[in-house]
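Undergrad: Can you look at this prediction? I've put the sequence above it.
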Amino acid sequence: MAGSVQLREVPVAESTAATTPRHPSVVRVTHWITAISVFVLFLSGIAILLAHPRLYWGEVGARQGPSLIDLPLPFVLDVPIRGPGRYLHFTFAWVCVWTGLFYGIYGFVSRHFHQNLLPARDTLSWTTISAHLRFRRPSHDEALAYNVVQRLTYLGVIFVLFPAIIWTGLAMSPAVTSVFPWLATILGGQQSARTIHFFVTILILLFVLVHIVMVIRAGFVVRTMPMITGRRSVGRSSND
Amino acid sequence: MIERLTRRKLITSGLAAAAGATGLGVAARLAGRYGLVPPDHGGIYGVGETLTYAAHRILTSSLPSRAREFDRSQISKVIPVNGKRPEVEAYQRLLAGGFADWKLTIDGLVTRPTSFSLADLQRFPSHTQITHQACEEGWSFIAEWRGARLSDVLNAVGVLPQAKWIFFFTFDQWWDSLDIPDAMHPQTFLAYGMNGQVMPIDHGAPVRLKVARQLGYKSLKYLSRITVTDTMKNIGDGLGSSAPSAGYSWYAGI
């Protein structure tokens, strides 16, 4: 009964669009779990960093010795901030890693990476890329597929930034490096890993900020709803 | 049509949920039997802690696992001191006497409970390691540690087969415990020397624990007693360490 009512309301063109969602359910679910994880990891990461907001290069570093960078942040040694920060960071690191692993396997098996993220060879020219880099507001047609800059950015986040943040995180673990010492030594040492972990975090944060700004510029509701419901743009753009 | 699909979906998801729950139950029981569950596995953070500890134990028991060792030239020039010297009178008295009267008692689930003097511990084969020690705050240093392997000392007192945890008590109110794999690891020392000297007071004289595969807070200073148990109950708050009540995890391999 409810189904027949819905059928009558949806125009033919829209219903075919609805059968092939803008974003498959796996992409939607993993997107939001990752978004929540990254948010918690960022906040808890700040809580951990504040215990010692100095960065070093090499194996060792301490307050009494030279630093690479003294971040303009206070030393916050309150355990009520640090303790939950550490627990939350590792809990959500697991959430993020499992989600990422699931998404990664799905992306290869379903050819999601090939079809939606790998840029077509003819789009890989400087003129196309620079046109997109001027942050032109995308047309409605463009909203149905990622442009070349989006594709390259997403590939970079998925295959460079996320592996790098996991690698540098593991390189700080004395138990993990007792089995895989190269995780730390390739990077120049445990403190180098910590410093790179910090800068990769900054890059991920930059990505998230630009991503949100672009979504708002392109139409927050029109772009966000497909990532929640899977349906192609509703409302304004369906009248185009 | 719609209803049948819904019912089928309901049954399928019900079965999947039941299988999942059973699977989790079996996994939890197996994990418990193979020593993959940390004492602070409860609460909202427990899942992450358990995954980390189990993953590390599976990794370190299936592959060779030795903390990275460094060259003498890499020993840190600056070695930070963290925490205060014990203020208790018992420690002050031992310190005044040059630790001649200091004894490390090992009791609990052992065949021969023993009190070791510093000289007794020094009669065990002496080992050194030049390893990294990182504080959970973020700073770190490399030092050379000299001491007896905890495994040698535990083997001398005869750890009973049912033993699961090695508890450490100190003069500075911290207490902690290790599982058997870390207690028996060749880089876990009862350390009485540091950088070619006797253990400095600020670094835990006369004897401190050195656990190379965990963060610094696991390497307790100022040891006074070791107790071998098969349970964590009735010791403090039952979480195996004073660290969880201070906000840190029991397992510090991170």
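TA: Arrived safely, thanks for sending. This is a predicted model, so every value here is computed, not measured. Residues are numbered from 1 along each chain as shown, chains lettered A, B, ... in the order given.
Undergrad: For chain B, name the helix or strand with the lowest mean pLDDT.
TA: helix B:2-33 (a mean of 73; mean pLDDT, DSSP states H and E).
Undergrad: can you give me the offset of that helix from its chain's centre?
TA: 36 Å (C-alpha atoms, centre = their mean, to the nearest Å).
Undergrad: Report the separation between the spatially most central residue of chain B and residue A:171.
TA: A centroid search over chain B (C-alpha atoms, centre = their mean) returns residue B:178, at 3.4 Å, as the residue closest to the centre. Between residue B:178 and residue A:171 the computed distance is 24 Å (C-beta to C-beta, to the nearest Å). For the C-beta atoms, the positions are set from N, CA and C on the backbone; glycine is no exception.
Undergrad: Likewise for residue B:40?
TA: For residue B:40 relative to residue A:171 (C-beta to C-beta), the value is 24 Å.
Undergrad: same check, this time on residue A:127
TA: Distance, residue A:127 to residue A:171, by C-beta to C-beta: 40 Å.
Undergrad: Name the residue in those two with the higher neighbour count.
TA: The residue with more neighbours, out of residue A:127 and residue A:171, is residue A:171; 25 against 8, by other C-beta atoms under 10 Å in any protein chain shown.
Undergrad: Show me where the stretch 1-150 of chain B has its strands.
TA: Using DSSP state E, counting those that start in this stretch, the strands of the stretch 1-150 of chain B run over residues B:103-108, B:114-117, B:126-134, B:140-149.
Undergrad: will you turn these into JSON lines that also has mean pLDDT and distance to residue A:193?
TA: Below are those laid out as JSON lines (pLDDT from 0 to 100; distance: least, C-beta to C-beta, whole Å):
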{"stretch": "strand B:103-108", "mean pLDDT": "98", "distance to residue A:193": "36"}
{"stretch": "strand B:114-117", "mean pLDDT": "98", "distance to residue A:193": "38"}
{"stretch": "strand B:126-134", "mean pLDDT": "98", "distance to residue A:193": "11"}
{"stretch": "strand B:140-149", "mean pLDDT": "98", "distance to residue A:193": "11"}
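Undergrad: so of the ones you listed, which one's packed in deepest?
TA: Mean neighbour count (mean count of other C-beta atoms under 10 Å in any protein chain shown) peaks for strand B:140-149 among the strands of the stretch 1-150 of chain B, with a mean of 22.
Undergrad: Packing partners of that strand?
TA: Strand B:140-149 is packed against helix B:118-122, strand B:126-134, strand B:188-194, with contacts defined by 3 or more C-beta pairs under 8 Å, 6 or more residues apart in numbering or on different chains; DSSP states H and E.
Undergrad: how about these, which one is nearest residue B:246?
TA: Closest approach to residue B:246 among the helices and strands packed on strand B:140-149 is made by strand B:126-134 (17.4 Å; C-beta to C-beta).
Undergrad: got the CA coordinates for that closest one in CSV?
TA: What follows is strand B:126-134 as a C-alpha-only set of coordinates in CSV (Å, rounded to 0.1, in the frame of the first residue of the first chain):
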residue,chain,number,x,y,z
SER,B,126,74.0,-9.6,34.2
HIS,B,127,72.6,-8.3,31.0
THR,B,128,72.5,-4.9,29.3
GLN,B,129,70.2,-3.3,26.8
ILE,B,130,70.4,0.1,25.1
THR,B,131,66.7,0.8,24.5
HIS,B,132,64.3,3.6,23.9
GLN,B,133,61.9,4.7,26.7
ALA,B,134,59.0,6.8,25.8
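Undergrad: and the angle from it to strand B:140-149?
TA: Angle, strand B:126-134 to strand B:140-149, by axes from the mean of the first three to the mean of the last three C-alpha atoms, to 10 degrees: 150 degrees.
Undergrad: Report the angle between the top helix by length along chain A and strand B:140-149.
TA: In terms of residue count, the longest helix belonging to chain A (DSSP state H) is helix A:190-229. On the basis of the same axes, to 10 degrees, helix A:190-229 is oriented at 110 degrees to strand B:140-149.
Undergrad: List the buried residues in helix A:190-229.
TA: Using 16 or more other C-beta atoms under 10 Å in any protein chain shown as the burial criterion, the residues of helix A:190-229 that qualify are A:190-198, A:200-201, A:204, A:207, A:214, A:218-219, A:222-223, A:225-226.
Undergrad: And chain B, is that helix touching that?
TA: Yes. Counting by C-beta under 8 Å from any C-beta of the partner chain, chain B is contacted by helix A:190-229 at A:190, A:191, A:194.
Undergrad: just the strands in chain A please.
TA: Using DSSP state E, the strands of chain A run over residues A:54-55, A:69-70.
Undergrad: which neighbours does the first one have in its sheet, and in what orientation?
TA: Going back to what we said before, that points to strand A:54-55. Strand A:54-55 pairs in its sheet with strand A:69-70 (antiparallel), by DSSP bridges.
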